[in-house]
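Trainee: Build me a structure from this.
(chains A and B, ligands or ions: 2)
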Amino acid sequence: MALHHYLCTPNHRNLEYTIIPMKLLVCISKAPDTTSRIAFTDEDTRFDEGGVQFIVNPYDEWYALVRAIELVETEGGSVTTITVGDATCDSIIRKALAIGANDAVRINAEPEDSMQVAKLIADYASDKDFDIILCGKETIDHNSAAVPAMIAESLDLPFVAFATSINADGGTYNLTCEASGGTNKVTVNGAFVLSAAKGMSEQRIPNMRGIMSARTKPLQVVEAYADATTKVEKFSLPPAKGDCKIVDADNPAELVRLLREEAKII
Amino acid sequence: MSVLVFVPLSEGKATKSGLEAASYANAISGGSATAVVSGIIEGDGGIGTVGIGKVLQYSKALNDNSQLAKLVEAVSISEGASTVVFSANLEGGAVAPRVAVRIGAGYVPGVTGVPEGGNYPRNVFSGKAKASVSVGTDKTVVSVTPNAFGVKEVGGSATVEAFSAEVGEARLLIGEFTPASVDGSVPLPEAERVVSAGRGLKGPENWGIVEDLAKALNASTACSRPVGDMGWRPHHEHVGQTGVTIRPDLYIACGISGAIQHLAGVNQSKVIVVINTDPEAPFFKAADYGIVGDVFEVLPKLTEAIKLLS
Ligand SMILES: Cc1cc2nc3c(=O)[nH]c(=O)nc-3n(C[C@H](O)[C@H](O)[C@H](O)COP(=O)(O)OP(=O)(O)OC[C@H]3O[C@@H](n4cnc5c(N)ncnc54)[C@H](O)[C@@H]3O)c2cc1C
Ligand SMILES: Nc1ncnc2c1ncn2[C@@H]1O[C@H](COP(=O)(O)O)[C@@H](O)[C@H]1O
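Mentor: Ligands and ions are numbered 1, 2, ... in the order given. Prediction:
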């Protein structure tokens, strides 16, 4: 059996182990559904949320959260989710609880940049002895891939980027992660932060029992503040693509000519 | 502006994305940037060719992101750097945010060009929009999106000086490396040309025509998600919102419908070619060039036409 980590408490002559269950923190962010219309308001400084359906950021849900739940299912322990955002995040937090997280924390602050989000999460986690802090590899709106490494640095923890699998063996964790041109095996001892990429696990659809129990699971709201260090001054949409030039299927040589002479890329 | 760039090495030479980051550093510094490398370097590793005059070398090859962050922090302090540049590749992307925290800098990930009016351009919403980002701190860390700025060769060579720093213990034990592709083709995020195929290919046994085209173009191969999920192709070839994001110069999509989640991973490609039997396939709306036709007939002919070029 893979005991997670344990305290030895001598009990008369027998050595008795008190198993400390695994404590996992999963960072969950709110993201616009991929089919959302992308538009901006306030003189193009803010994403226009009008009519937008919000989902749990797919990397956070499919990979980080589901794998965390699987780990505690086999090793014992609990999964807490944490989200930096306002009350509009509560529905996606309930979804995470319905999938199987035990409880949730929402830091009631408007997410402004990765540094601010990471500081808020790191501050919260600093005195709670989480064994692993799991993040998604990036948010699908800002595509920053910055928060996880910043949490790790703020807490002075090791960081495994783009993890594609993880297994626990006592307090030791064996992972694989994406590396340039392939994958690497990585081993870590003790607490660390990871960002989860494809391969960690499969999507889980919450069942009726999950959805019912999510309503009564604890969602703690914490007030906190941290400074942002960067700011989006302006969003813009790329110029619309010109019309697609259709080439006759019997004449691929014409396509080759266009790629060479017009597009100048081959 | 005093600019430092971290350049990853492979077999003693700067990697392509490293040279891109160095080109960027050279451009924003007006030609005065310094590079830092970790590991064995052959000559100046080619870093001088993009206009960098000085390379600081930490002789041990570090691969733990927390140690690399300590090294880059130490160099940035000794050089008085106000801006630190990384490549937004796997390695840079893990180290840059750590350095930003260590030196109290604002971090702009994945920039696509030099700052305009002090604001850094980057892509957001998987390339569906752009953002222009300002930094509110004295120091700045940026990472440069691979294949966005380009390697700008100017000719020249750099002096290499040894640099030592206290980087602490490695806390990740990095083990065995498994290459994703046995043929040694370029990793997808760095590929300049990609030939990709979807469910329209009907089965894994038909991939020969895709590979032939890729070979003729010196391109890497990719696929849509169902193709990866069904095991027709290895998972790492899956591009899109839940797979790899790429931005090659040329993306050729064969028998892929162009679902929004697929487009999210490929719509930053410079030129998109779509080959599909269905003229109504949504991919044509995102394409520059299209052929309405059967991949089984079009691909072999296209491959022949390309072979005639060389
Ligand atoms: C949350 C979420 C995330 C997703 N993430 C991704 C992702 O990251 N990447 C991804 O790719 N998908 C993703 N998908 C799936 C996506 O929605 C599509 O289902 C998928 O991209 C379709 O793959 P396809 O184009 O290969 O297959 P299909 O949609 O079945 O298209 C096959 C195409 O081939 C054409 N065709 C058929 N025969 C021929 C022939 N002989 N010659 C030429 N053309 C032919 C057809 O006209 C059709 O257009 C995601 C879906 C969801 C819900
Ligand atoms: N507002 C947020 N609240 C909680 N977690 C977040 C938030 N923003 C980002 N994260 C986590 O950090 C990961 C990377 O985000 P980013 O650096 O913004 O691309 C996400 O996949 C989440 O796991």
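Trainee: Which pLDDT value belongs to A:Asn108?
Mentor: A:Asn108 is assigned 98 on the pLDDT scale.
Trainee: Likewise for B:Asn89?
Mentor: Looking at B:Asn89, its pLDDT stands at 91.
Trainee: How about it, nearest residue that isn't a chain neighbour?
Mentor: Distance criterion C-beta to C-beta, 6 or more residues apart in numbering or on different chains; nearest residue to B:Asn89, sequence neighbours excluded, is B:Ser17 at 4.7 Å. Placement of C-beta: from N, CA and C, glycine included.
Trainee: cool, and B:Tyr58?
Mentor: Closest to B:Tyr58 by C-beta to C-beta, 6+ apart is B:Ser38, at 4.7 Å.
Trainee: just for the chain, where's the confidence low?
Mentor: Picked chain A for this. Residues of chain A that meet the criterion pLDDT under 70 lie in A:1-20.
Trainee: My question was about chain B, not that one.
Mentor: Applying pLDDT under 70 to chain B flags the ranges B:181-185.
Trainee: so which residue of it comes closest to ligand 2?
Mentor: Nearest residue of chain B to ligand 2: B:Pro109, at 7.4 Å (C-beta to the nearest ligand atom).
Trainee: you'd agree that residue is up against B:Asn89?
Mentor: No: between B:Pro109 and B:Asn89 no contact is recorded; they are 11.6 Å apart, counting by C-beta atoms under 8 Å.
Trainee: that's a helix at B:Gln241, yeah?
Mentor: No: counting by DSSP: H, G, I helix; E, B strand; the rest coil, B:Gln241 is not part of a helix but coil.
Trainee: Based on its surroundings, how many neighbours for it?
Mentor: 18 (other C-beta atoms under 10 Å in any protein chain shown).
Trainee: surely it meets B:Ala259?
Mentor: No: at 9.4 Å, B:Gln241 does not count as touching B:Ala259 under the criterion of C-beta under 8 Å.
Trainee: Pull the number of nearby residues for the residue nearest to B:Asn89.
Mentor: Neighbourhood size, B:Ser17 [other C-beta under 10 Å]: 27.
Trainee: Does it belong to a helix, a strand or coil?
Mentor: Using three-state DSSP, the structure places B:Ser17 in helix.
Trainee: Please report the distance of it from B:Val239.
Mentor: When distance is defined by C-beta to C-beta, to the nearest Å, B:Ser17 is 18 Å away from B:Val239.
Trainee: B:Gln268 now?
Mentor: According to C-beta to C-beta, B:Gln268 and B:Val239 sit 11 Å apart.
Trainee: before we move on, what about B:Glu169?
Mentor: Distance from B:Glu169 to B:Val239, by C-beta to C-beta: 37 Å.
Trainee: out of these two, which sits in the more crowded spot?
Mentor: Neighbour totals were compared for B:Glu169 and B:Val239, and B:Val239 leads with 28 against 7 (other C-beta under 10 Å).
Trainee: residues touching that one, list them.
Mentor: Applying C-beta atoms under 8 Å, 6 or more residues apart in numbering or on different chains to B:Val239 gives the contacts B:188, B:194, B:196, B:222-224, B:245-246, B:262, B:265-266.
Trainee: could you measure it against B:Ala253, distance?
Mentor: Remark: distance between B:Val239 and B:Ala253 (C-beta to C-beta) = 10 Å.
Trainee: Identify the contacts common to the two.
Mentor: Both B:Val239 and B:Ala253 are in contact with B:196, B:266, where contact means C-beta under 8 Å, 6+ apart.
Trainee: you'd agree B:Asp44 is up against B:Ser157?
Mentor: Yes: B:Asp44 is within contact range of B:Ser157, at 5.4 Å (criterion: C-beta under 8 Å).
Trainee: Next, count neighbours for whichever residue of the stretch 1-150 of chain A sits closest to ligand 2.
Mentor: Using C-beta to the nearest ligand atom, A:Gly136 is the residue of the stretch 1-150 of chain A that sits closest to ligand 2, at 2.5 Å. As a burial measure, A:Gly136 scores 28 neighbours (other C-beta under 10 Å).
Trainee: what about it, distance to A:Glu73?
Mentor: On the measure of C-beta to C-beta, A:Gly136 and A:Glu73 end up 20 Å apart.
Trainee: Longest strand of chain A, counting residues only.
Mentor: Across chain A, the strand with the greatest residue count (assigned by DSSP state E) is strand A:159-169.
Trainee: Could I get the CA-only coordinates of the helix or strand following it as CSV?
Mentor: Later in the chain than strand A:159-169, the nearest helix or strand by DSSP states H and E is strand A:172-179. Provided in CSV are the C-alpha atoms of strand A:172-179 (Å, rounded to 0.1, in the frame of the first residue of the first chain):
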residue,chain,number,x,y,z
THR,A,172,7.4,10.6,-3.5
TYR,A,173,5.7,11.4,-6.8
ASN,A,174,6.6,10.0,-10.2
LEU,A,175,5.5,12.1,-13.1
THR,A,176,5.9,12.4,-16.8
CYS,A,177,5.9,15.9,-18.4
GLU,A,178,6.2,17.4,-21.8
ALA,A,179,9.7,18.2,-22.9
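Trainee: Just checking: what are the partner strands of strand A:172-179?
Mentor: Paired with strand A:172-179 in the same sheet, following DSSP bridges, are strand A:159-169 (antiparallel), strand A:182-189 (antiparallel).
Trainee: Point out the most buried one among these.
Mentor: Stretch with highest mean neighbour count among these: strand A:159-169 (a mean of 21; mean count of other C-beta atoms under 10 Å in any protein chain shown).
Trainee: Going by neighbour count, list what's buried in the helix or strand harbouring B:Gly175.
Mentor: Assigned by DSSP H and E, B:Gly175 falls within strand B:172-179. Neighbour-count burial for strand B:172-179 flags B:Leu172 (criterion: 16 or more other C-beta atoms under 10 Å in any protein chain shown).
Trainee: picking that back up, need phi/psi at the residue of chain B closest to ligand 2.
Mentor: Dihedral pair for B:Pro109: phi -80, psi 150, per degrees, to the nearest 10.
Trainee: returning to what we had before: let me know which of the strands paired with strand A:172-179 is the nearest to A:Pro148.
Mentor: Among the strands paired with strand A:172-179, the nearest to A:Pro148 by C-beta to C-beta is strand A:159-169 (6.6 Å).
Trainee: can the closest one be found next to ligand 2?
Mentor: No: no part of strand A:159-169 sits close enough to ligand 2 to count as contact by C-beta under 6 Å from any ligand atom; the gap is at least 10.6 Å.
Trainee: Identify the residues contacting that strand?
Mentor: By C-beta under 8 Å, 6+ apart, the residues outside strand A:159-169 that reach it are A:2, A:4, A:22, A:67, A:71, A:75, A:132, A:137, A:145, A:148-149, A:152-153, A:173-178, A:183, A:186, A:188, A:192-200, B:65-66, B:90, B:93-94, B:98, B:172.
Trainee: How far does it sit from its chain's centre?
Mentor: The chain centre lies 13 Å from the centre of strand A:159-169; the measure is C-alpha atoms, centre = their mean, to the nearest Å.
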